[in-house]
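K.L.:
Quick one, fold the following:
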Amino acid sequence: MKRVISSRQWQPPRLRLFEDVHRRATWLELLYDLVFVVAVAELAGVLAGGTDLGRILTFVGLFVPVWWAWAGYVFYANRFDTDDTSHRLLALPQILAVATMAASVGDIDQRSGLFAVSYAVARVLLIVAYVRAGRHVPEARALAARYAAGFTVAVLIWLVSLAVDPPQRYAFWAVALLIDLATPFLARRYQGKLPPQSEHLPERFGLFVVIVLGEVIAAVVVGLKGHDVTPGALLIALVGVAIAMGFWWLYFGHIDESVVLRTQWAGQVWVYSHLPLSVGLVAFGIGIEHAIVHPSGTSWSVGVPAALVLAVLGVQHLCSRDRRAGGIRLAAAVLTLAASALPVVAALPIILLFAVAQVAYDLSRPVAEGAA
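P.N.:
Coordinates of the predicted model:
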């Protein structure tokens, strides 16, 4: 046992893509996810304060770097994770950086500098990891160099943003995030020889979906906690949770591991689609919380996020070449958006009906049925 532990203490990065082993999320990856439970909760708190345009833009604008910090580590670990001491020493400080980001979002106008520095620290640690990978894995050198270069430019812009005050600072953030998100797309020609590990990556993204679905439950609890538990409030809460369960069923009933390898475009669209999916799920939970408190209002804060979730699920089905299910999801998204103009008590049962109908349709399909 001692020899096994010592042999794993210090290892150079190695390519994990073609190993003949069944990969699962490591304990370190699960620990890494925990800090994002807190971060997502803090982001939800931003939206819980109101659904005016300013708060919505703040919520989305902060959600993107938080999600990208998580995704950046996932992409690296998918290819190069050795779970040795050196890997942990680069990953664990990222947890501290993300925790500091989470502590900043609730008062972003006063703590925007802290948020920017924390995000830059997390990204610098990831850049160091890619530089090490490029040094020790010759076949990954070109890809790692381009990732490191693109991410470095973005980090520099984040740091330069400290020279100006909000709201001008946020314009620098937008440019930096655009570079961050575009870097993998611009490096597509180098990804062909290093495709993602097809069973590990869907599991990791599925775990993040679980995190944001948990925020739906948390929002319902908060809504009931701060409101008299009347039959109407309880019914809204239960229907909201039931719709979230429908989203869970529709997503996890169709995780297609092969999609990440099908084509570079399909795989990247599938990966990036999890950003609006996560935004929609968290916003839906907050919408249910608001509906519990204001049951007589319109349901835009519930219907629009639900429509976004269904639309993204439709796009993911299209990436998997399941055109029939994709078309049904997209049609349901349009109908859900139309139902958003109705009062909450009318719209929520309709949205639940759409979700239940899609689950029933999926259960009625032959297991081996594919694209149509």
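K.L.:
chain center to whatever helix or strand I328 lives in: distance?
P.N.:
Assessed by DSSP states H and E, I328 sits inside helix 323-339. How far helix 323-339 lies from its chain's middle: 22 Å, per CA atoms, centre = their mean, to the nearest Å.
K.L.:
Now do whichever helix or strand comes after that helix against helix 323-339: the angle between them, please.
P.N.:
Later in the chain than helix 323-339, the nearest helix or strand by DSSP H and E is helix 344-364. Helix 344-364 runs at 170 degrees relative to helix 323-339, counting by axes from the mean of the first three to the mean of the last three CA atoms, to 10 degrees.
K.L.:
What is helix 344-364 packed up against?
P.N.:
On a contact count with 3 or more CB pairs under 8 Å, 6 or more residues apart in numbering; DSSP states H and E, helix 344-364 meets helix 231-252, helix 300-319, helix 323-339. (C-beta placed from N, C-alpha, C; glycine too.)
K.L.:
Show me which residues of that helix are buried.
P.N.:
V344, A347, L348, P349, I350, I351, L352, F354, A355, Q358, V359 (16 or more other CB atoms under 10 Å).
K.L.:
Those into CSV, with extra columns for distance to V153 and pLDDT?
P.N.:
Shown next, in CSV, are the buried residues of helix 344-364 (distance: CB to CB, whole Å; pLDDT from 0 to 100):
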residue, distance to V153, pLDDT
V344, 46, 92
A347, 45, 95
L348, 45, 95
P349, 50, 95
I350, 47, 96
I351, 42, 97
L352, 46, 97
F354, 43, 96
A355, 42, 96
Q358, 42, 95
V359, 45, 95
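K.L.:
Looking at these, spot the one nearest V212.
P.N.:
Lowest distance from V212 to the buried residues of helix 344-364 (CB to CB) belongs to A355, with 16.5 Å.
K.L.:
Grab the nearest non-local neighbour of the closest one.
P.N.:
The spatially closest residue to A355, leaving aside those adjacent along the chain, is G246, at 3.0 Å (CB to CB, 6 or more residues apart in numbering).
K.L.:
how close does that neighbour sit to E289?
P.N.:
18 Å (CB to CB, to the nearest Å).
K.L.:
Those two: who's more crowded?
P.N.:
More crowded of G246 and E289, by other CB atoms under 10 Å: E289, with 29 against 22.
K.L.:
Now do the closest residue to the more buried one other than its chain neighbours, the pLDDT please.
P.N.:
Nearest non-adjacent residue to E289, counting by CB to CB, 6+ apart: G223, 3.8 Å away. pLDDT, G223: 89.
K.L.:
so G223 sits in a strand?
P.N.:
No - looking at G223 with DSSP: H, G, I helix; E, B strand; the rest coil, it is helix, so not inside a strand.
K.L.:
What's the separation between it and L178?
P.N.:
G223 is 35 Å from L178, by CB to CB.
K.L.:
same deal with G314?
P.N.:
25 Å.
K.L.:
One more: S112?
P.N.:
The spacing between S112 and L178, counted by CB to CB, is 18 Å.
K.L.:
More neighbours: these two, which one.
P.N.:
S112 (21 against 13).
K.L.:
Identify the residues contacting A91.
P.N.:
Listed by CB atoms under 8 Å, 6 or more residues apart in numbering, the contact set of A91 reads L28, Y32, Y73, A77, L125.
K.L.:
which one among these gets closest to L235?
P.N.:
The closest of those, once distances to L235 are taken by CB to CB, is Y32, at 37.7 Å.
K.L.:
sec struct for the closest one, please.
P.N.:
Under three-state DSSP, the three-state class of Y32 is helix.
K.L.:
Could you do P202 as well?
P.N.:
Assignment for P202 (three-state DSSP): helix.
K.L.:
next one: P366
P.N.:
At P366 the chain is in coil, as set by three-state DSSP.
K.L.:
What is the neighbour count of L89?
P.N.:
Burial measure for L89: 11 neighbouring residues, criterion other CB under 10 Å.
K.L.:
tell me which element it is part of?
P.N.:
In this structure, L89 sits in helix 85-105 according to DSSP H and E.
K.L.:
Now do that helix: distance to the chain's middle.
P.N.:
So, by CA atoms, centre = their mean, the centroid of helix 85-105 is 17 Å from its chain's centroid.
K.L.:
what's the following helix or strand after that helix?
P.N.:
Sequence order places helix 108-136 as the next helix or strand after helix 85-105, per DSSP H and E.
K.L.:
hmm, who's touching stretch 158-165?
P.N.:
G113, A116, V117, Y119, A120, R123, R169, F172, W173, A176.
K.L.:
now for those, which pair is the farthest apart?
P.N.:
That would be R123 and R169, which, of the contacts of stretch 158-165, are the farthest apart (CB to CB) at 16.9 Å.
K.L.:
of these two, who's got more company?
P.N.:
R123 (23 against 19).
K.L.:
Let me know the closest of the buried residues of helix 344-364 to V241.
P.N.:
Compare each of the buried residues of helix 344-364 with V241 using CB to CB and the shortest gap goes to L352, at 10.2 Å.
K.L.:
What is the neighbour count of A291?
P.N.:
When neighbours are counted by other CB under 10 Å, A291 registers 27.
K.L.:
how far away is A103 from W173?
P.N.:
Distance of A103 to W173, computed by CB to CB: 18 Å.
K.L.:
Neighbour count: these two, which is higher?
P.N.:
Applying other CB under 10 Å to A103 and W173 shows that W173 carries more neighbours, namely 22 against 16.
K.L.:
Run through the residues that contact the more buried one.
P.N.:
Contact analysis of W173 by CB under 8 Å, 6+ apart lists G61, P65, A116, W158, S161.
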